[in-house]
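In: What follows is a predicted structure for the sequence shown.
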Amino acid sequence: MTDLARPRHLLPAGASLTPPDQQPDQDPSLAVRNNGGVEPSAAPAPAGRREALLVLGFGGPEGHDDVMPFLENVTRGRGIPRERLEAVAEHYHHFGGVSPINDQNKALVAALEAELAAAGTAMPVYWGNRNWAPYVEDAWRQMAEDGVEHAYVLATSAYASFSGCRQYHEDVARARIALELDPAAPAGPTAEKLPHYFDAPGFVQANAEALATAIAALPADLRDTARLVATAHSIPDAMAAVAGPQGGAYEAELMRAAQLAVDAAAPGRPFDLVWQSRSGPPSVPWLEPDVNDHLRALAEAGEKAVVVFPVGFISDHLEVIWDLDNEAEETAGELGLAFVRAGTAGTHPAFVTTLRELLEERRAGGEPRLGTNCPASCCFVQRPARP
């Protein structure tokens with residue numbers, strides 16, 4: 001059992017169950033601090049510097065006994081009702097209390113290790129999480145003990161938003177601060193997060209091939225007319241409005257990623273972008289429509305088949321296999337809609353190659369892009385004052 005008594009989440013943690021009016025205030029200085037106190041450099045990496053790649057994920061429980069402590073960890077300080085946590089816990093218990101995200105991240109780490117070795121890049125790959133073991137603080141300490149001087153951080157999210165990008169910057173900042181506050185700890189590495197990769201060729205290829213496979217799984221007479229529906233995790237409207245330097249980047253990046261996948265898999269076909277997995281109170285506006293509501297609207301409009309492609313996720317974790325393979329597929333069945341769900345990028349070879357190329361771009365001194373070089377105000381959501 002993980003030691004939950006250790007202080008975690010000194011900065012905001014967890015988003016999928018967190019109402020926007022309960023997000024802690026965020027320190028804009030952390031967007032700079034996590035890069036060693038300076039903006040990312042466009043100069044090539046110094047020769048001889050010991051570097052590493054850190055795969056930084058959300059985390060998930062490993063058994064029934066972990067589920068409620070994990071959810072409490074995710075939502076600590078947020079005032080989420082116990083009954084809401086118990087309802088979400090049932091989703092995990094349905095799968096033995098084990099989140100598939102852990103094995104998926106282990107597989108991604110292994111694929112990246114093999115990809116880097118094949119490319120002749122001698123670099124260790126570490127794995128850390130925001131909300132469950134292995135925690136990012138522990139991974140950061142291990143890198144320090146191993147003598148790593150600089151870490152490139154690969155977040156398991158391809159898009160802009162507080163929870164999908166900025167919070168990963170803050171996870172790194174929290175890990176660095178925790179190490180700095182320990183006088184017995186070795187000096188930790190400097191760090192930079194790799195940029196958004198929603199439009200990277202390998203990510204697009206992986207999603208396009210999955211979409212084409214899903215279309216082909218339909219009966220022949222429905223393949224050309226099935227409605228294509230892209231999905232992503234809903235977030236509060238207020239969070240979406242400030243995503244990216246000019247705001248609105250979350251939706252814009254998702255629309256671009258979905259369009260690129262459709263252009264490659266089914267040129268000229270229309271598609272819809274809808275949302276799933278919202279968790280805030282009904283009084284707080286989140287991005288809509290929900291995928292289940294959209295399926296009902298499609299059925300009312302006379303559609304006979306739907307292909308759902310979860311372009312907003314990089315692997316088939318719980319919110320994909322529960323919210324789509326269970327709830328959305330059940331809704332489609334009740335409506336008489338033929339339903340197929342496309343796979344996610346996972347460890348598709350082209351996707352893994354794209355991640356290596358992002359790493360090499362930064363090591364070679366490529367121009368910092370959004371996700372790596374973020375202004376302090378990027379994705380900043382101010383918590384309303386409380387009485």
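Out: That came through, no problem. Numbers count the residues shown, from 1 in each chain.
In: Show me which residues of stretch 242-255 are buried.
Out: Of the residues in stretch 242-255, those with enough neighbours to count as buried (16 or more other CB atoms under 10 Å) are Val242, Ala243, Gly244, Ala249, Tyr250, Glu251, Ala252, Glu253, Leu254, Met255. Where you see a C-beta, it was placed from the backbone N, CA and C, and this is true even at glycine.
In: Show me the contact partners of it.
Out: Outside stretch 242-255, the residues that touch it by CB atoms under 8 Å, 6 or more residues apart in numbering are 158-162, 164-165, 196, 198-199, 230, 232, 235, 239-241, 273, 287, 311-312, 370, 374-375, 377-381.
In: if you average pLDDT over it, what comes out?
Out: Per-residue pLDDT over stretch 242-255 has a mean of 96.
In: Between the two ends of that stretch, how far is it?
Out: Start to finish, the residues bounding stretch 242-255 are 17 Å apart (CA to CA, to the nearest Å).
In: Look up how far Ala42 lies from the closest residue to Pro44 other than its chain neighbours.
Out: Leaving aside its chain neighbours, Pro44 sits nearest to Gly365 (4.0 Å; criterion: CB to CB, 6 or more residues apart in numbering). Distance from Gly365 to Ala42, counting by CB to CB, to the nearest Å: 5 Å.
In: Check Ala178 too.
Out: Taking CB to CB as the criterion, Ala178 is separated from Ala42 by 29 Å.
In: Quick check, central residue of the chain?
Out: The residue lying closest to the centre of the chain (CA atoms, centre = their mean) is Ser157, at 2.8 Å.
In: so who does that one touch?
Out: Applying CB under 8 Å, 6+ apart to Ser157 gives the contacts Ser163, Gly164, Cys165, Tyr168, Ile314.
In: Might you report the residue contacts of the residue nearest to Pro44?
Out: When contacts are counted by CB under 8 Å, 6+ apart, Gly365 touches Ser41, Ala42, Ala43, Pro44, Ala45.
In: Quick one: those residues as TSV, columns for distance to Val340 and neighbour count too.
Out: Formatted as TSV, the contacts of Gly365 follow (distance: CB to CB, whole Å; neighbours: other CB atoms under 10 Å):
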residue	distance to Val340	neighbour count
Ser41	46	15
Ala42	44	12
Ala43	48	8
Pro44	45	11
Ala45	44	14
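In: Please name whichever of those scores lowest on pLDDT.
Out: The member of the contacts of Gly365 with the lowest model confidence is Ser41, at 73 (criterion: pLDDT).
In: Need phi/psi at the residue nearest to that one when sequence neighbours are not counted.
Out: Distances taken as CB to CB, 6+ apart put Gly365 closest to Ser41, at 6.9 Å, once the chain neighbours are dropped. For Gly365, the backbone dihedrals are phi 90, psi 30 (criterion: degrees, to the nearest 10).
In: So Gly365 versus Met123, what's the distance?
Out: Counting by CB to CB, the gap from Gly365 to Met123 is 16 Å.
In: Can you name the residues that contact Ser59?
Out: Not Ser; residue 59 is Gly. When contacts are counted by CB under 8 Å, 6+ apart, Gly59 is found next to Phe70, Ser99, Ile101, Asn102, Asn129, Arg130, Asn131, Trp132, Ala133, Tyr135.
In: Is it in a helix, a strand, or coil?
Out: Per DSSP: H, G, I helix; E, B strand; the rest coil, the local secondary structure of Gly59 is coil.
In: May I have the secondary structure class of Leu54?
Out: Using three-state DSSP, the secondary structure recorded for Leu54 is strand.
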